[in-house]
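Enquirer: Build the 3D model from these lines:
(one chain, ligands or ions: 2)
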Amino acid sequence: MTKPAYKRVLLKLSGEALMGDDAYGINRSTIERMVADVAEISKMGVELAIVIGGGNIFRGVAPGAQGMDRATADYMGMLATVMNALALGDAMRQAGVVARVMSAIGIEQVVEPYVRPKALQYLEEGKVVIFAAGTGNPFFTTDTAAALRGSEIGAEIVLKATKVDGVYTADPKKDPSATRYSTISFDEAISRHLQVMDATAFALCRDQKLPIKVFSIVKPGALKNLIMGGDEGTLVHV
Ligand SMILES: Nc1ncnc2c1ncn2[C@@H]1O[C@H](COP(=O)(O)OP(=O)(O)O)[C@@H](O)[C@H]1O
Ligand SMILES: O=c1ccn([C@@H]2O[C@H](COP(=O)(O)OP(=O)(O)O)[C@@H](O)[C@H]2O)c(=O)[nH]1
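Expert: Ligands and ions are numbered 1, 2, ... in the order given. Model (predicted):
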């Protein structure tokens, strides 16, 4: 068997993707499939940290948050990521994967706080670390949290698993003539205002020279293929 292309990765899982075909919340078969994919690569010895989103439950910029104080709405969004992280951690436990949830906001009775050396220790022990509550700050996204935590833990790459299979010339959901890039530089992604990730996340990864792979969360085997160095999704590079 060939060796994985990476030793340590940061996987960003979209909250919205956890809905599967449901209208909101967490779809059981979707989460189980994700966990099976994660279990497979964890067992190959790849050190894996996960940042989970919250868009399936609450988004600070959602219509439901209209009229709310933005920071309050964002804290609700962060709490939504904590719920997803707990669900993901438990699904991992059921699948025989040892996972630890760490939160960026203090909520000690529920999950342990994020402490960087502790997270590094878990990774070295082969445990999957799930980062909850994004960056812990309003006005940010979990994509930025992925860039931040990826930088902090010395990940070789940020893997953004999302509903589309890469970065397109325009939003493929709105423009059917959009074409997919196989690679694109951070500068180009930022200057073209490509919305697949927010500019803060792109800029942080660019400055830290941390590449990003955008790939499909729905395509079976995509995560394993790219971990093995296969051609998958779009590479965003310096
Ligand atoms: N240039 C683009 N290339 C790919 N996807 C894009 C682009 N512009 C906008 N999008 C949209 O961005 C979405 C992914 O970003 P986001 O909604 O933040 O996902 P996530 O929930 O995974 O964080 C895709 O579903 C896609 O419709
Ligand atoms: O560092 C962060 C991360 C998330 N959020 C809030 O949490 C919500 C859910 O996160 P996100 O939209 O990134 O989730 P995803 O797109 O992955 O479902 C966001 O809309 C924000 O309101 C925040 O305020 N700060």
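Enquirer: Show me which residues of this structure sit near ligand 1.
Expert: With C-beta under 6 Å from any ligand atom as the criterion, the chain meets ligand 1 at residues 14, 16, 53, 55, 143, 162-164, 167-168, 170-173, 194-196. Yep, even glycine has a C-beta here, placed from its N, CA and C like the rest.
Enquirer: just checking, which of the residues you listed belong to strands?
Expert: Mapping the residues of the chain next to ligand 1 onto strands (DSSP state E) picks out T162.
Enquirer: Derive a ChimeraX selection command for the buried subset of the residues of the chain next to ligand 1.
Expert: To isolate in ChimeraX the members of the residues of the chain next to ligand 1 that are buried, counting by 16 or more other C-beta atoms under 10 Å, one can use:
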select :14,16,53,55,143,162,164,167,168,172,194,196
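Enquirer: and the residues of the chain next to ligand 1 near ligand 2, which?
Expert: Checking the residues of the chain next to ligand 1 against ligand 2 (C-beta under 6 Å from any ligand atom), the matches are 14, 16, 53, 55, 143.
Enquirer: From the residues you listed, pick the one nearest ligand 1.
Expert: Nearest to ligand 1 out of those is S14 (C-beta to the nearest ligand atom; 2.9 Å).
Enquirer: and that closest one, what pLDDT?
Expert: Note for S14: predicted pLDDT of 93.
Enquirer: OK, contacts around E124?
Expert: E47 (C-beta atoms under 8 Å, 6 or more residues apart in numbering).
Enquirer: Please report the distance of it from A161.
Expert: 24 Å (C-beta to C-beta, to the nearest Å).
Enquirer: May I see the ones next to ligand 2 among the residues of the chain next to ligand 1 organised as TSV, with distance to K118 added?
Expert: Shown next, in TSV, are those (distance: C-beta to C-beta, whole Å):
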residue	distance to K118
S14	26
E16	29
G53	23
G55	27
D143	24
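Enquirer: Find the pair from these with maximum spatial separation.
Expert: Farthest pair in these (C-beta to C-beta) is E16 and D143. Separation: 12.2 Å.
Enquirer: Number of residues surrounding the nearest residue to M76 once chain neighbours are set aside?
Expert: Among residues not flanking M76 along the chain, F58 sits closest, at 5.0 Å (C-beta to C-beta, 6 or more residues apart in numbering). For F58, the neighbour count with other C-beta atoms under 10 Å is 21.
Enquirer: A95 too?
Expert: Number of residues near A95 (other C-beta under 10 Å) recorded here: 14.
Enquirer: Measure how far stretch 71-79 is from the centre of its chain, please.
Expert: 18 Å (C-alpha atoms, centre = their mean, to the nearest Å).
Enquirer: Please enumerate residues in contact with the helix or strand of the chain with the lowest mean pLDDT?
Expert: Every helix and strand of the chain was ranked by mean pLDDT, DSSP states H and E. The lowest is helix 28-43, at a mean of 92. By C-beta under 8 Å, 6+ apart, the residues outside helix 28-43 that reach it are 4, 11, 13, 17-20, 48, 50, 87-88, 91-92, 94-97, 126, 128, 161, 217, 220-221, 223-224, 227.
Enquirer: what about that helix, near ligand 2?
Expert: No: applying C-beta under 6 Å from any ligand atom, one finds helix 28-43 separated from ligand 2 by no less than 13.0 Å.
Enquirer: what are the C-alpha coordinates of that helix, in CSV please?
Expert: Presented in CSV, the C-alpha positions along helix 28-43 are these (Å, rounded to 0.1, in the frame of the first residue of the first chain):
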residue,chain,number,x,y,z
ARG,A,28,-27.8,10.4,10.7
SER,A,29,-26.6,8.6,7.6
THR,A,30,-24.6,11.7,6.4
ILE,A,31,-22.7,11.9,9.7
GLU,A,32,-22.1,8.2,9.8
ARG,A,33,-20.6,8.3,6.3
MET,A,34,-18.3,11.2,7.2
VAL,A,35,-17.2,9.4,10.3
ALA,A,36,-16.4,6.2,8.3
ASP,A,37,-14.2,8.3,5.9
VAL,A,38,-12.5,9.9,8.8
ALA,A,39,-12.0,6.6,10.6
GLU,A,40,-10.3,5.1,7.5
ILE,A,41,-7.7,7.9,7.2
SER,A,42,-7.1,8.1,11.0
LYS,A,43,-6.4,4.3,11.0
